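Chemist: build me a model from this:
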Amino acid sequence: MSVHTTAYPTLINNQAASASELAPLAFSGFAHFTAMQIRGHKAKGMDLHLARLREASLALFGKALPDEEILASIRLALKQGPADMSLTVTLFVPDGEFTAASKGALPSVLVRSGPPHDGPAHPLRLQAVAHERHLASIKHVGEGAKTYFLHRALEQGFDDAAFVDRHGRLSEASIWNLVFWDGQAVVWPEAELLLGTTMRIVKRQLERMGIPQRRQEIRRGDLAQFSGAAVMNSWTPGVPVTAIGEHGFPVAEALKGTLNEAWQAEPYLSI
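Modeler: Residues are numbered from 1 along each chain as shown. Next up, the predicted model:
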């Protein structure tokens, strides 16, 4: 009996990536990326993904590719792959790790695809750990601490980790943005963190919908003032959080519904 497998393309500069091209990237920590979910060959928030890649390239390399070149790579992957998939766009400089070669160089484009993902179906319990991501505003690679703290959280009976900075402020979780609910408004942590694309989509749709939201410094001692919490990333706009450290939360259906409504209000658009 034959088994049919779906082909998910992996491209470097619009060409099928070879093993020799991919092998050095396994040891590369000087690169940045954006991740998205493709549905029906369409995506949400492409303007935000392109802005993220442009700004991070300027910060890391000193130069950025034109948006149209990145879009051309994404379109080629969409043409070669199925209608629904996960897509990651990584910008890197070949042989640029630990050398001056990556300074002022135009990056290469790696587009990697895989099966679509909708995130976990169950609420998460987060262990609060002291950690600050280096270059927190950039979605860069080589962050082994995320997996390290995930593993330590699992050992303690949690599902994942939430980060607390040197000022005692909650910032983000391992691969998630944090969001809270005070019964009336959506509350985002005020700290050094990555402004996730899903977070930015939700924020602009909440503003359009007239739903109150604000940024606030949130310490562990402040958690009792909130009636719910959630996490979000490119997989999903809102997974309920039922604990951060020793503090428990009920599943905040109002928050979950509000986040999902905001996400659904952003259309999937052709690329």
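Chemist: give the buried residues for the least confident helix or strand in the chain by mean pLDDT.
Modeler: The least trusted helix or strand in the chain, going by mean pLDDT, DSSP states H and E, turns out to be helix 19-22, with a mean of 90. Using 16 or more other C-beta atoms under 10 Å as the test for burial, helix 19-22 gives Glu21. In this view, the C-beta of every residue, glycine as well, is placed from N, C-alpha and C.
Chemist: repeat for stretch 197-216
Modeler: So, applying 16+ other C-beta under 10 Å, buried residues of stretch 197-216: 197-203, 205-206, 211.
Chemist: any idea how many residues pack against Lys44?
Modeler: 22 (other C-beta atoms under 10 Å).
Chemist: gap between the closest residue to it other than its chain neighbours and Pro116?
Modeler: Leaving aside its chain neighbours, Lys44 sits nearest to Glu266 (4.9 Å; criterion: C-beta to C-beta, 6 or more residues apart in numbering). Distance, Glu266 to Pro116, using C-beta to C-beta, to the nearest Å: 17 Å.
Chemist: who has more neighbours out of those two?
Modeler: For Glu266 versus Pro116, neighbours defined as other C-beta under 10 Å are more numerous around Glu266 (18 against 15).
Chemist: model confidence score at that one, please.
Modeler: pLDDT for Glu266: 98.
Chemist: for Asp160, give me the pLDDT.
Modeler: Predicted confidence (pLDDT) for Asp160: 98.
Chemist: oh sorry, the question was meant for Gln156
Modeler: With respect to pLDDT, Gln156 has a value of 98.
Chemist: that one and Val187: what is the separation?
Modeler: Per C-beta to C-beta, Gln156 is found 26 Å from Val187.
Chemist: what do you get for Ala121?
Modeler: 25 Å.
Chemist: so for these two, which sits in the more crowded spot?
Modeler: Between Ala121 and Val187, Val187 has the larger neighbour count (other C-beta under 10 Å), namely 22 against 7.
Chemist: how about the buried residues of stretch 197-216 in TSV, adding secondary structure, pLDDT and distance to Asp95?
Modeler: Converted to TSV, those look like this (DSSP: H, G, I helix; E, B strand; the rest coil; pLDDT from 0 to 100; distance: C-beta to C-beta, whole Å):
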residue	secondary structure	pLDDT	distance to Asp95
Thr197	helix	98	29
Thr198	helix	98	33
Met199	helix	98	34
Arg200	helix	98	33
Ile201	helix	98	35
Val202	helix	98	39
Lys203	helix	98	38
Gln205	helix	98	42
Leu206	helix	98	44
Ile211	coil	97	48
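Chemist: with distance to Ala26 as added columns, please give these in JSON lines.
Modeler: Converted to JSON lines, the buried residues of stretch 197-216 look like this (distance: C-beta to C-beta, whole Å):
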{"residue": "Thr197", "distance to Ala26": "25"}
{"residue": "Thr198", "distance to Ala26": "27"}
{"residue": "Met199", "distance to Ala26": "29"}
{"residue": "Arg200", "distance to Ala26": "30"}
{"residue": "Ile201", "distance to Ala26": "31"}
{"residue": "Val202", "distance to Ala26": "33"}
{"residue": "Lys203", "distance to Ala26": "35"}
{"residue": "Gln205", "distance to Ala26": "38"}
{"residue": "Leu206", "distance to Ala26": "39"}
{"residue": "Ile211", "distance to Ala26": "43"}
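Chemist: if I pick Leu50, what's in contact with it?
Modeler: Neighbour list for Leu50: 67, 70-71 [criterion: C-beta atoms under 8 Å, 6 or more residues apart in numbering].
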